[in-house]
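**Student:** next input, structure requested:
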Amino acid sequence: MKPTFTYSISLLISITVCVGQNYDIDPGRSTLSISGTSTLYDWTMIAKEFESTANIEIKEDEVVINNLKATINVRGLKSGKKKMDKNAYKAMKSRKYPTIRYELREIESIKKLADGFLLNTSGNLIVAGVSRGCPIAVKAVTNAGLNLIGSIDLLN
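**Tutor:** Below you'll find the predicted structure:
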């Protein structure tokens, strides 16, 4: 039986922020993974190769993200199992579409928390050449820098 794949993308991005500047997100301090289920097993792939930039401004009662883009090299996703990787690359049509891309469209609402903010956002995600709108709840934790923590459930 040929496995079928469903997947969600979870990301943890850590960056240091100064007011109103562009930042390259540090892949060495950031984690981006894709998790899902096939007909055979649950799986997780870690992105070994991705790029992201953001223009972020922190104010007293809000976080303003004027620009956030991420590009993931599909063949840079690794599960630790070569056969699993090969099947996932095929399912994501990596030869024709070598990257997964995400671009933030807007922040729909902001709630102040004790340690940061909760942002309800929307953006566009392109996987295997298919673009879809994706709402994402992002927790922005302000401490020594800024940690953005969010996930996209592609099954809904």
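**Student:** quick one: contacts of the longest strand anywhere in the chain?
**Tutor:** What stands out as the longest strand in the chain, according to DSSP state E, is strand 99-113. Here strand 99-113 makes contact (CB atoms under 8 Å, 6 or more residues apart in numbering) with 9, 61-65, 67-74, 92, 117-127, 133-135, 139, 152. Backbone N, C-alpha and C define where each C-beta goes, glycine included.
**Student:** pull out the buried residues from these.
**Tutor:** By neighbour count, with 16 or more other CB atoms under 10 Å, these hold 9, 63, 65, 68-72, 74, 92, 117, 119, 121, 123, 125, 127, 134, 152 as buried.
**Student:** quick check: strands, which of those residues are part of them?
**Tutor:** 9, 63, 65, 68-72, 117, 119, 121, 123, 125, 127, 134, 152.
**Student:** what about Val138, helix or strand, and which?
**Tutor:** strand 130-142 (DSSP states H and E).
**Student:** any idea what the closest residue to Ile46 other than its chain neighbours is bridged to?
**Tutor:** Nearest residue to Ile46 in three dimensions, chain neighbours excluded: Ser33, at 5.1 Å (CB to CB, 6 or more residues apart in numbering). Counting by DSSP bridges, Ser33 forms beta bridges with Ser10, Ile46.
**Student:** isn't Ser33 right next to Thr44, touching?
**Tutor:** Yes: at 5.6 Å, Ser33 counts as touching Thr44 under the criterion of CB atoms under 8 Å.
**Student:** and Lys112, how many residues sit next to it?
**Tutor:** 11 (other CB atoms under 10 Å).
**Student:** and the pLDDT for it?
**Tutor:** Listed pLDDT for Lys112 reads 88.
**Student:** try the one 5 residues further on
**Tutor:** On pLDDT, Phe117 comes in at 87.
**Student:** contacts only, for it.
**Tutor:** So Phe117 contacts 62-63, 110-111, 139-140, 142 (CB under 8 Å, 6+ apart).
**Student:** dump these to a markdown table, plus distance to Thr99.
**Tutor:** Output for the contacts of Phe117, formatted as a markdown table (distance: CB to CB, whole Å):
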| residue | distance to Thr99 |
| --- | --- |
| Glu62 | 31 |
| Val63 | 27 |
| Ile110 | 30 |
| Lys111 | 32 |
| Lys139 | 26 |
| Ala140 | 25 |
| Thr142 | 30 |
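**Student:** one step back: report the two of the ones in strands among the buried ones among the contacts of strand 99-113 separated the most.
**Tutor:** Phe117 and Val127 (27.4 Å; CB to CB).
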